[in-house]
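Asker: take a look and give me a structure for this.
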Amino acid sequence: MGLIPQHLYWPNGMGFRGLTGSTTPTSFLTSSLTLDTHKSACIFSSPINCGASGKAIHKIHFRVATVTTDAALDVRVETVDSTGSPTGTLFATNTNGNSPTAHAASTWYSVTLTADAAPAMGDKFAIVINRSGAGTISLTIADGFEGSGLVWSGLYPRRATFGTVWTKDDVAPNVGIELADGTFLNHGGVMHTGVLDSGSAFAFKVGDATNEEGNYFTAPFSARVIGMFARLKQGSAAEGQYEFNLYDGSLSAPASALGTFTEDSTSHLNNNYGTHIGFFAAPAYIIEGKPYRACVYCSAATSGVTLERFRVSAQAHLIGTPGGDGTYRTSRVKAGPGTFSNTVTEQFWCVGLVIDEIIELNRHPGMGAGLAA
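Answerer: As a prediction, this is how the structure comes out:
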């Protein structure tokens, strides 16, 4: 067992991309390809050795935001120069593919590269999208959210756009990188299909079709859980009471929780997003490899609570989000108790566990090699 010097907020962390900010993001940014010279790029540092065990980059998934006049697109994996910008040189021979005409607005597209790209761990590379061939085109490529204190990328991953020169900014990338074995690269970007504020915020209360919402996940390690956190908005100072519940995920309709925290005071700032932390009366424990649900229940009758969420086109795209593609939305009506249903193409922002101890169940002091298989 191992106590940690400060609380671990898992899976998406109190500080993940500025999640403690109190302002919802204001825009779903786009890169405009209205001239032949225009390019849209996402810059990455490879978190794995892509040349090992079938992990080479094989497909690129991207989203077109708007279309005025359509044309083919060249989707490329390029090298990155010392300034952090794409070089215009393919990462290796034929590490690009064509996305033909017939693009539609608000739609995801997939391009298979002519030849796979295999950056080593730590290699910098860029996914670059530009117009291909002759013709006039006016469309925009959808990127991640502009920060506003909520979603900020840093050095890598991030976005860059090209008009006459490369311009780098701190917008989180909005592409999926599929590997040759069919898995997706967990590059830390943010893959959405809609906006995160009015379009993806979800409000609920007693009497609604669902009044308990959260994330289903499989524990990646064993740990002692002392509470939960959630970034939420309460509807009013008088109402908006909520409850944090950690459930055994193997139960479809649990009557009781492994850990519970209830908040019914009126001391909070109403109608504004904030990160709320609640501690259980007694610690709960999660076991590596077992499923759980971390949920928020609203007991208010008129003014509920609101959670923000990712929405993606396919479950695999969640690999770039906190918790990965195995962490996704779960919902129910609590009374009854109700039965949970899952939505594998959504994940709630900033809902997770407060952990103060990581546990290795297969070892104890004096058994350096652990238990025999």
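Asker: residue 62 contacts residue 129, doesn't it?
Answerer: Yes: because the distance of 6.2 Å satisfies CB atoms under 8 Å, residue 62 is recorded as touching residue 129. The C-beta positions use only the backbone N, C-alpha and C, and glycine is treated the same way.
Asker: low-confidence ranges in the stretch 101-250 of the chain?
Answerer: 133-136, 145-154, 190-200, 236-240 (pLDDT under 70).
Asker: can you give me the strands for it?
Answerer: Assigned strands in the stretch 101-250 of the chain, in chain order: 107-117, 124-131, 138-145, 158-162, 166-169, 176-179, 202-204, 212-218, 222-234, 242-248 (criterion: DSSP state E, counting those that start in this stretch).
Asker: give me the residues contacting the second one.
Answerer: Identification of contacts with strand 124-131 by CB atoms under 8 Å, 6 or more residues apart in numbering yields 31, 33, 36, 38-46, 60, 62, 71-80, 84-86, 91, 117, 119, 137, 141, 156, 160, 162, 173, 175, 177.
Asker: for residue 62 and residue 129, list the residues in contact with both.
Answerer: Both residue 62 and residue 129 are in contact with 75, 141, where contact means CB under 8 Å, 6+ apart.
Asker: show me the contacts for residue 66.
Answerer: Residues 30, 105-106, 139-140 are the ones in contact with residue 66 under the rule CB under 8 Å, 6+ apart.
Asker: can we see that at 7 Å?
Answerer: Going by CB atoms under 7 Å, 6 or more residues apart in numbering, residue 66 touches 105, 139-140.
Asker: of the residues you listed - the most surrounded one?
Answerer: When the contacts of residue 66 are compared by neighbour count (other CB atoms under 10 Å), residue 139 ends up highest, at 24 neighbours.
Asker: these two touch, right, that one and residue 67?
Answerer: Yes: with contact defined as CB atoms under 7 Å, residue 139 counts as touching residue 67 (4.5 Å).
Asker: which residues do these two both contact?
Answerer: Between them, residue 139 and residue 67 share these contacting residues under CB under 7 Å, 6+ apart: residue 103.
Asker: for the residue lying closest to residue 100 once chain neighbours are set aside, grab phi and psi.
Answerer: Take residue 100 and drop its neighbours on the chain: the residue closest to it by CB to CB, 6 or more residues apart in numbering is residue 72, 5.1 Å away. As for residue 72, its main-chain torsions (degrees, to the nearest 10) stand at phi -70, psi 150.
Asker: pretty sure residue 72 contacts residue 103?
Answerer: No: using CB under 7 Å, residue 72 is not in contact with residue 103, being 9.0 Å away.
Asker: could you measure from the nearest residue to residue 53 once chain neighbours are set aside over to residue 116?
Answerer: Distances taken as CB to CB, 6+ apart place residue 181 nearest to residue 53, at 7.3 Å, with adjacent residues excluded. Distance from residue 181 to residue 116, counting by CB to CB, to the nearest Å: 11 Å.
Asker: what do you get for residue 251?
Answerer: Shown here: residue 251 relative to residue 116, a distance of 43 Å by CB to CB.
Asker: the two: who's more crowded?
Answerer: For residue 251 versus residue 116, the count of surrounding residues by other CB under 10 Å is larger for residue 116: 21 against 14.
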